[in-house]
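1. missing the sequence, but the structure's below:
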């Protein structure tokens, strides 16, 4: 026998695998042993567990998988209501939809690792606490959906939480997400027991991500957040405070992040961006709920970054502390004597923190003002014929505070206000 067809032994009284089933060269179709009386299976020489092979085997407790296994197909062990013991070999590269859904797994199987995963893999299992394996960067769509006993989640190295990954996990009260960058649609939909969450690395929270988390009170979105999707905190009557610590730019908002059926929460934003948020068209509906937030200065060394519309390169002179887009705010740089800086904006502050600059500043602030403070400008032979220069063709105001200017201060179109310093 070289092949066994679909449902061949399904719903039979088999309590053990037939002799010879592990012989090399036999090909199994789908659901071959579905709904049988098997209690334990050793399939350690299989390369694939086909679609639905052991689904609804309600007496099956454990399976032994081997190092030659590469694929666990969809529904392979689904609805095996007593199934609780399995180790995923490192050789597995594909796990299909629902492969362990509605089993008795009380924890993530040993050996789980990043591979090509389908959806609903552990849906409906009785897990109470999970820690994602080290190195695993994605929670696939629906992975733990409907795990109604789950209370504690440690996402460890995960950077992406898939769509509906924890939907209807109604008892989750604690989520550790130190490295999560993207929270996809409905990821934590109807997590009724969640009271607070911190997302220190998050960049994007997509639509409906925390919708109907009906006891959520506090959300800290950290300093990297750039985008909030529509209704990401919709239908939350208890929401009291949202912290946005990103000092680089106003967070992009799609229409709204909550609804008007309940009181708006206080929205804590960097003090330097407070007025910009209040005047921003997308955020204007929340203008009475913003609170200024003083953010500790931390230096993040970088070589370049994009701001505003993404078309103009912004070069830090040593490292960016804070940088704000053309809608306004405070731009703070550390400066040394090696690089150029281009800045487009209506207002800003460049704090040189005592550093010396001996190359030109390209200040593209056509309408607003930029304050430069606490540093020294020197003249060099390769910088506009020995002059400290500000890019011509722009009409904004340059305000100098506590600056030392050695040589000629040159510009074509900028206006200058000198408040203090040595010139």
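-> Cool, the structure landed. The model shown is predicted, which means the values in this text are computed figures rather than measured ones.

2. use CA for all of it now, contacts and neighbours both
-> Noted.

3. Residue 268 is in contact with residue 290, isn't it?
-> Yes. If you go by CA atoms under 8 Å, residue 268 and residue 290 touch, sitting 5.8 Å apart.

4. quick check, distance from stretch 49-68 to the centre of its chain.
-> For stretch 49-68, the separation from the chain centroid amounts to 34 Å (computed by CA atoms, centre = their mean, to the nearest Å).

5. end to end, how far does it reach?
-> 11 Å (CA to CA, to the nearest Å).

6. what do you get for stretch 414-421?
-> End-to-end for stretch 414-421, by CA to CA: 19 Å.

7. which of the residues in that stretch are buried?
-> 414, 416 (16 or more other CA atoms under 10 Å).

8. Return the distance of the residue nearest the centre of the chain relative to residue 405.
-> Centroid-nearest residue in the chain: residue 181, 1.6 Å away (criterion: CA atoms, centre = their mean). Applying CA to CA, the value for residue 181 to residue 405 is 43 Å.

9. Could you do residue 17 as well?
-> On the measure of CA to CA, residue 17 and residue 405 end up 86 Å apart.

10. same check, this time on residue 160
-> The separation that residue 160 has from residue 405, given CA to CA, amounts to 49 Å.

11. Bridged to the nearest residue to residue 116 once chain neighbours are set aside, which residues?
-> Take residue 116 and drop its neighbours on the chain: the residue closest to it by CA to CA, 6 or more residues apart in numbering is residue 94, 4.8 Å away. When bridges are called by DSSP bridges, residue 94 pairs up with residue 71, residue 116.

12. wait, doesn't residue 94 sit right on residue 119?
-> No. If you go by CA under 8 Å, residue 94 and residue 119 don't touch, sitting 11.6 Å apart.

13. Between these two, which is the more surrounded one?
-> residue 119 (24 against 18; other CA atoms under 10 Å).

14. give the contact list for that one.
-> The contact partners of residue 119, taken as CA atoms under 8 Å, 6 or more residues apart in numbering, are 96-98, 140-143.

15. again, only this time at 10 Å
-> For residue 119, the contact set (CA atoms under 10 Å, 6 or more residues apart in numbering) comprises 74, 95-99, 101, 139-145, 162-165.

16. Same check on residue 282?
-> 251-256.

17. Relative to residue 28, which of the residues you listed is nearest.
-> Residue 28 lies nearest to residue 254 out of the contacts of residue 282, by CA to CA, at 49.4 Å.

18. What does that closest one show for phi and psi?
-> Backbone geometry at residue 254, expressed as degrees, to the nearest 10, gives phi -90, psi 100.

19. From residue 107, how far out is the spatially closest residue to residue 109 that is not a sequence neighbour?
-> The spatially closest residue to residue 109, leaving aside those adjacent along the chain, is residue 87, at 5.7 Å (CA to CA, 6+ apart). Note on residue 87: its distance to residue 107, by CA to CA, is 11 Å.

20. beta partners for residue 373?
-> What pairs with residue 373, by the bridge criterion (DSSP bridges), is residue 351, residue 401.

21. How confident is the prediction for it, by pLDDT?
-> With respect to pLDDT, residue 373 scores 74.

22. Same check on residue 349?
-> At residue 349, pLDDT is 64.

23. ok, now residue 15?
-> So, for residue 15, pLDDT stands at 96.

24. wait, it sits on residue 39?
-> Yes. Counting by CA atoms under 10 Å, residue 39 is a contact partner of residue 15 at 6.4 Å.

25. Find the helix or strand that the residue nearest to the residue nearest to the centre of the chain when sequence neighbours are not counted is a member of.
-> If the residues on either side of it in the chain are set aside, residue 181 comes closest to residue 202, at 3.9 Å by CA to CA, 6+ apart. Using DSSP states H and E, residue 202 sits in no helix or strand.

26. any idea how far residue 202 is from residue 227?
-> 9 Å.

27. When those two are compared, which one has more neighbours?
-> residue 202 (24 against 17).

28. Many thanks, I have nothing further to ask.
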